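*Asks:* prediction below, plus the sequence it came from.
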Amino acid sequence: MFQKIVFVALCVMVLVGCAVSPTASLQPETLTGKLAYETAPQFTDAELQELVSSQNAFANAIFAYQAQAKENLVISPYSLYQILSMLYAGAVGETAGEMRQTLRLPWEDADAHRVINALNQRLFSTKGTESGEEQAFELKMANALWADRDREYEQAFLDTLTRNYAAGLKTLDFSDGSAASEVINAWVAEQTANKITQIAEPSMFSENTALALTNAVYFKAAWMHPFYESATSPAPFTLLSGEQKEVPTMLLEASLPLRVTDELTAVRLPYANGDMVMEILMPNLDAWENADALSRLGAYQESLGDLEATTVLLSLPKFRIETPTMDLIPALKENGMRLAFSGEADFSGISGDQSLYVSAAAQKAFIDVNEQGTEAAAVSIVVMEEKGVPQEPLKVNIDRPFLFQIRDTATGAILFLGMVAEP
């Protein structure tokens, strides 16, 4: 359970369903694979732990790349992993090999998708518990494929996605980028309770767009031990520069798993009605100054197994982070996934040929932490374009008498001028 907790605590994000209802003319047609969604995939605990370890290693690598600016940041590596796993279902040859390496997948093809589905079932099968008029705990994820209505796709690819990811294929006219982005963003808004309303941009789509994949995650949970709302007040917070500023800070006295050393303060905050927790990892300022904090993230996570329940008077800043759209292609390239974004990409498992490549991979994320609990959401999108089709060269035959000149282009002066009447 530790690995599961760490992963979710790092990225607490999720996808869900549809939002603002688009006009009837924009409603996409939905296609599905021939196989029903597998709601009870077979797996072993060892397989599940192996996948979680792989996902956490991927999470740390992507996070470390995105966090280099050392600014407020929230991402969902889980959402990104999910969408790349769907894309992997259509990758072939070296492209698939690179993706498998980047995702740290311990298995190939069918086994990978089976175990990913099993982990999704373990995480997202709970629909939430009612507390008064609102759900005290909510964790949801949804996947969708958006396809050009005039193209055909490999049946095996569609079957894999419907069986393991519950992802139907919705058809769109990508040549109308504004209309396509409106439909996708409506889905995004509904899946994230309107916390994220836009990920698709008209500029992402053209007549050459063949496919877009989206994943959304939504999380909302109350603290097991709520902070005292009346005790929230300004308190000093030391920035990386050493400067101090006053920030709204919450206060709580409770028995919490805790570990305090010279290098790291780690505390675990459980949410009500579930296994989810938020874990705070606070390195000392020297670790930030020496650029060790991000590189030691894995070691910090391992130390979370040594927390001991302690009565704590905890002060924690309230915070709300909403990231702009993050281009994740550089982070993926840095982690070994390169061919997918190039003319050498092989996604023939999707299209039946090697005509497609990934033109965009992006994510937006949101988190709000306050006295009552946490609300978080993330949306990831991958867009696939048709590669530039090499044009047939225009044949020009110099087969008649012709003139020629030798000219200085800097000044325009003609140095030689002539004619060839008979070579």
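*Replies:* All right, it came through fine.
*Asks:* where's Leu213 relative to Ala167, distance?
*Replies:* Distance of Leu213 to Ala167, computed by CB to CB, to the nearest Å: 8 Å. C-beta here means a position set from N, CA and C on the backbone, and glycine is covered the same way.
*Asks:* joint contacts of those two?
*Replies:* Met86, Asn143, Ala144, Leu145 (CB atoms under 8 Å, 6 or more residues apart in numbering).
*Asks:* helices - which of those land there?
*Replies:* Of the shared contacts of Leu213 and Ala167, the ones assigned to helices by DSSP state H are Met86.
*Asks:* can you give me the strands in the stretch 301-423 of the chain?
*Replies:* Taking DSSP state E, counting those that start in this stretch as the test, the strands found in the stretch 301-423 of the chain are 308-317, 319-322, 326-327, 356-369, 373-386, 402-407, 414-420.
*Asks:* for the ones you listed, please prepare TSV with the additional fields distance to Ala96.
*Replies:* Output for those, formatted as TSV (distance: least, CB to CB, whole Å):
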stretch	distance to Ala96
strand 308-317	43
strand 319-322	34
strand 326-327	23
strand 356-369	13
strand 373-386	15
strand 402-407	53
strand 414-420	55
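*Asks:* for these, which one ends up most surrounded?
*Replies:* A comparison of those by mean neighbour count, using mean count of other CB atoms under 10 Å, puts strand 373-386 on top with a mean of 25.
*Asks:* that one pairs with which strands, and in what direction?
*Replies:* strand 209-222 (antiparallel), strand 356-369 (antiparallel) (DSSP bridges).
*Asks:* mind putting those in JSON lines, mean pLDDT included?
*Replies:* Shown next, in JSON lines, are those (pLDDT from 0 to 100):
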{"stretch": "strand 209-222", "mean pLDDT": "93"}
{"stretch": "strand 356-369", "mean pLDDT": "94"}
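*Asks:* now render the ones you listed as TSV, adding distance to Glu302.
*Replies:* Converted to TSV, these look like this (distance: least, CB to CB, whole Å):
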stretch	distance to Glu302
strand 209-222	24
strand 356-369	24
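*Asks:* was I right to think Ser175 contacts Glu207?
*Replies:* Yes. Contact criterion CB atoms under 8 Å: Ser175 and Glu207 qualify, at 4.2 Å.
*Asks:* first-to-last residue distance for stretch 198-213?
*Replies:* 15 Å (CA to CA, to the nearest Å).
*Asks:* how about stretch 104-113?
*Replies:* For stretch 104-113, by CA to CA, the gap between its terminal residues amounts to 13 Å.
*Asks:* buried sites along it?
*Replies:* Arg104, Leu105, Trp107, Ala112, His113 (16 or more other CB atoms under 10 Å).
*Asks:* same check on stretch 210-230?
*Replies:* Going by 16+ other CB under 10 Å, stretch 210-230 has these buried residues: 210-225, 227.
*Asks:* for stretch 255-265, same thing?
*Replies:* Result for stretch 255-265 [16+ other CB under 10 Å]: buried residues Leu256, Pro257, Leu258, Arg259, Glu263, Leu264.
*Asks:* in JSON lines, list the residues you listed along with pLDDT, distance to Leu139 and secondary structure.
*Replies:* Putting the buried residues of stretch 255-265 into JSON lines (pLDDT from 0 to 100; distance: CB to CB, whole Å; DSSP: H, G, I helix; E, B strand; the rest coil) gives the following:
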{"residue": "Leu256", "pLDDT": "90", "distance to Leu139": "22", "secondary structure": "strand"}
{"residue": "Pro257", "pLDDT": "90", "distance to Leu139": "21", "secondary structure": "strand"}
{"residue": "Leu258", "pLDDT": "89", "distance to Leu139": "25", "secondary structure": "strand"}
{"residue": "Arg259", "pLDDT": "88", "distance to Leu139": "26", "secondary structure": "strand"}
{"residue": "Glu263", "pLDDT": "86", "distance to Leu139": "32", "secondary structure": "coil"}
{"residue": "Leu264", "pLDDT": "85", "distance to Leu139": "28", "secondary structure": "strand"}
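*Asks:* now, among those, which is nearest to Ala156?
*Replies:* Closest approach between those and Ala156, by CB to CB: Pro257, at 45.9 Å.
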